[in-house]
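Trainee: Based on what follows, work out the 3D shape:
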Amino acid sequence: MDMLVTAVGLAGLKLPSDRVYDGIDLFPVLTGKVDRVERAVWYYRGNELFAVRVGKYKAHLWTWSHQHYNFCPGEYVKDVTTPNQVNRTSDPIVFDLDNDPGEKYAITKGKTFKAAMELINPYLEEHRNTMVRGEPSLNYCDKMVMNWAPKGCEEINYCLQGPTTSSIKLCNWDH
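Mentor: Modelled structure (predicted):
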């Protein structure tokens with residue numbers, strides 16, 4: 001993580017070069033030398049890469065909510081909030097998070113979409129070519145920790161009651 005790489009850098013040390021680290025040195029941001037570090041943030045669901053963010057743009061490569069995908073009015077987003085898995089890797093859904101942090105208004109095909117994908121694609125290609133898959137460390141399912149009552153559901157009097165916790169078991173990801 002970034003904390004390890006940053007702490008090692010602050011201590012004036014070097015990380016061993018025999019492995020890849022999932023993190024970058026944030027010291028330039030912390031000291032105000034730069035405003036933002038250009039890097040990708042990966043969004044996985046199980047072993048599947050669902051989205052990637054680079055800078056202010058986020059591209060959804062897969063969309064899938066759950067069976068109650070539209071239970072909270074105002075939270076539905078066309079082509080993103082879907083009850084079934086949809087593979088969007090050949091036609092990602094892109095958002096400008098600086099102007100649309102709630103991811104409500106997708107950027108359609110055009111100059112902005114093209115610029116966003118030109119920024120994201122090199123990171124995506126490198127990630128796909130260098131990523132070594134492993135077992136997810138959080139590969140355990142417990143319905144008690146699922147999002148049964150998202151923010152705002154009280155206002156419309158429609159929060160789902162979560163079930164009692166079950167025994168810990170491995171997830172059976174269906175993608």
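
Trainee: which strands and helices sit next to the helix of greatest length in the chain?
Mentor: Counting residues, the longest helix in the chain under DSSP state H turns out to be helix 111-130. Counting by 3 or more Cβ pairs under 8 Å, 6 or more residues apart in numbering; DSSP states H and E, the packing neighbours recorded for helix 111-130 are strand 40-45, strand 48-54, strand 57-60, strand 93-96. Where C-beta positions appear, they are placed from N, C-alpha and C, glycine not excepted.

Trainee: pLDDT averaged over the second one, what's the number?
Mentor: When pLDDT is averaged along strand 48-54, the result is 91.

Trainee: who touches it?
Mentor: 38-44, 58-64, 97, 119-120, 123-124, 127, 173, 175 (Cβ atoms under 8 Å, 6 or more residues apart in numbering).

Trainee: rerun at 10 Å
Mentor: Here strand 48-54 makes contact (Cβ atoms under 10 Å, 6 or more residues apart in numbering) with 38-45, 58-64, 80, 85, 87-89, 92-95, 97, 103, 116-117, 119-124, 127-128, 131, 173, 175.

Trainee: go on, the third one?
Mentor: The list of residues contacting strand 57-60 from outside it, by Cβ under 10 Å, 6+ apart, reads 41, 43, 50-53, 77, 79-80, 86, 88-89, 92-98, 100-101, 103, 106-107, 112-113, 115-117, 119-121, 124.

Trainee: Need the pLDDT of the residue nearest to Gly9 when sequence neighbours are not counted.
Mentor: Computed as Cβ to Cβ, 6 or more residues apart in numbering, the closest residue to Gly9 that is not its neighbour in sequence is Asp25, at 4.2 Å. Reported pLDDT at Asp25 in the predicted model: 87.

Trainee: do the same with Lys33
Mentor: Value for Lys33, per-residue pLDDT: 90.

Trainee: surely Lys14 meets Asp25?
Mentor: No. If you go by Cβ atoms under 10 Å, Lys14 and Asp25 don't touch, sitting 11.0 Å apart.

Trainee: So which of the two has more stuff around it?
Mentor: More neighbours surround Asp25 than the other of Lys14 and Asp25, with 18 against 8 (other Cβ atoms under 10 Å).

Trainee: give me the element that one is part of.
Mentor: Assigned by DSSP states H and E, Asp25 falls within no helix or strand.

Trainee: and if you look at Thr6?
Mentor: With DSSP H and E as criterion, Thr6 is part of helix 2-10.

Trainee: which other residues reach that helix?
Mentor: 1, 13-16, 21-30, 37, 39.

Trainee: and those, which are buried?
Mentor: Among the contacts of helix 2-10, those scoring as buried are Gly23, Ile24, Asp25, Leu26 (criterion: 16 or more other Cβ atoms under 10 Å).

Trainee: Low-confidence regions, this structure specifically.
Mentor: 1, 46, 65-75, 134-154, 156-175 (pLDDT under 70).
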